[in-house]
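>>> Turn this into a structure:
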Amino acid sequence: MSAVTGGAAEPAPAGDAAKSAPSTQAASAAGSGSQAGPAGARPQPAGPARSPGFARTVAALLRKELLVELRTLESVPGMSLFAVTVFVIFHFALNRTGVNGDEAAGILWVTLLLAALLGINRLFVADAEEGGFDGFLLAPVDRTALLAAKALALLAYLVVLELVAVPAFALLLLEPSLGPALPDLPGVLLLGDVGVALIGTLVAALAVRTRARDLLGPLLALPLLVPVVIGGARATSPLLTLSHATAPSLRWPLTLALYDLVFGLLAYAVFDFLLED
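Below you'll find the predicted structure:
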């Protein structure tokens, strides 16, 4: 009897089973957690936001500039009205039936230059007064995107200006017809506009942080824009003659293109430092 009794397994006490249950559950939970792998891992913090590309930044800034101009109409109407007013003054002051050749080219380019100065003075004023510079410097974007956007905005202003000013000039002052000059004239005007836009953007960024920006901007821009006016007038003069017999030379358009390239590279090199200062 005793042998039979001793060989039989005795049931474990209820208390011991209850104590072993939590440890079994913990072990199973640990085992399941180890098998779960990444599902049980703590979430990792997200990395830094990627900055938008250069083209997207320029497009966004340019869209902002054009929308602001459409809503406020601060630059283009004033530039166009100034140019037309100057042509009217020349029309009555010269007391002639019309001008052509060198005179016509000189009057056209000087008037366009003076009208462009109005747009150059207003290019960065809103950014300086309303904290636009500070907001842009805090954004994770390429600083030169602001240079490209501002230059393209000013270029668009100049194109709209010429769409108004050139027909007014032909109507009020130009003695020959404007038709024979049209195939070549837009290209020359565009080369001049690119130079004015690049130099104007650089000068406006330099002068906007000074108290005398309305005076300093034109004083800095005019000497730098004189070669643009000379090159533009020399390239335009053969197109505005009475006979249109002189073929336009490539010397002056190439000179304008080289001048645009030099100041484009210069503006790209120093614009970042102008924003910091």
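>>> Residue 104 against residue 178, yeah?
No - at 10.2 Å, residue 104 and residue 178 do not qualify as touching, with contact defined as C-beta atoms under 8 Å. Just so you know, the C-beta spots here come from the backbone N, C-alpha and C atoms, and that holds for glycine as well.
>>> Mind listing what's buried along stretch 217-225?
The neighbour-count check on stretch 217-225 (16 or more other C-beta atoms under 10 Å) flags 217, 218, 220, 221, 224, 225 as buried.
>>> correct me, but the fifth one touches residue 204?
Put plainly, it is residue 224. No - using C-beta under 8 Å, residue 224 makes no contact with residue 204, being 12.0 Å away.
>>> From the structure, what's the count of residues near residue 229?
For residue 229, the count of nearby residues is 20 (other C-beta atoms under 10 Å).
>>> ok, now residue 265?
The burial count for residue 265: 11, using other C-beta under 10 Å.
>>> Correct me if wrong, but it is in a helix.
Yes - according to DSSP: H, G, I helix; E, B strand; the rest coil, residue 265 belongs to a helix.
>>> so where is this protein shaky, pLDDT-wise?
1-52, 131-134, 244-248, 276-277 (pLDDT under 70).
>>> I'd like to know which elements the strand or helix carrying residue 197 is packed against.
Secondary structure from DSSP states H and E places residue 197 in helix 185-207. Helices and strands touching helix 185-207, by 3 or more C-beta pairs under 8 Å, 6 or more residues apart in numbering; DSSP states H and E, are helix 101-121, helix 144-172, helix 213-236, helix 251-276.
>>> out of residue 104 and residue 178, which sits in the more crowded spot?
For the pair residue 104 and residue 178, the greater number of neighbours falls to residue 104 (24 against 15), based on other C-beta under 10 Å.
>>> Give the full set of residues in contact with that one.
Taking C-beta atoms under 8 Å, 6 or more residues apart in numbering as the contact definition, residue 104 lies against 169, 173, 174, 175, 236, 237, 240.
>>> could you dump those to CSV with distance to residue 94 and neighbour count?
Formatted as CSV, the contacts of residue 104 follow (distance: C-beta to C-beta, whole Å; neighbours: other C-beta atoms under 10 Å):
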residue, distance to residue 94, neighbour count
169, 13, 25
173, 8, 22
174, 12, 21
175, 11, 16
236, 18, 24
237, 17, 21
240, 15, 26
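>>> Please name the nearest non-neighbouring residue to residue 155.
Distances taken as C-beta to C-beta, 6 or more residues apart in numbering place residue 197 nearest to residue 155, at 4.2 Å, with adjacent residues excluded.
>>> Which residues does stretch 221-236 contact?
By C-beta under 8 Å, 6+ apart, stretch 221-236 touches 102, 104-106, 108-110, 113, 117, 120, 181, 185, 188-189, 191-192, 195-196, 199-200, 203, 248-249, 252-253, 255-256, 259, 263.
>>> An error on my part: the question was meant for stretch 159-166.
Residues contacting stretch 159-166 (C-beta under 8 Å, 6+ apart): 76, 79-80, 83-84, 87, 108, 111-112, 115-116, 119, 178, 185, 189-190, 193.
>>> Narrow those to those that are buried.
76, 79-80, 83-84, 87, 108, 111-112, 115-116, 119, 185, 189-190, 193.
>>> Is there a quick PyMOL command that grabs whichever of the contacts of stretch 221-236 are buried?
The following PyMOL line selects those of these that are buried, judged by 16+ other C-beta under 10 Å:
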select buried, resi 104+105+106+108+109+113+117+120+181+185+188+189+191+192+195+196+199+200+203+248+252+253+255+256+259+263
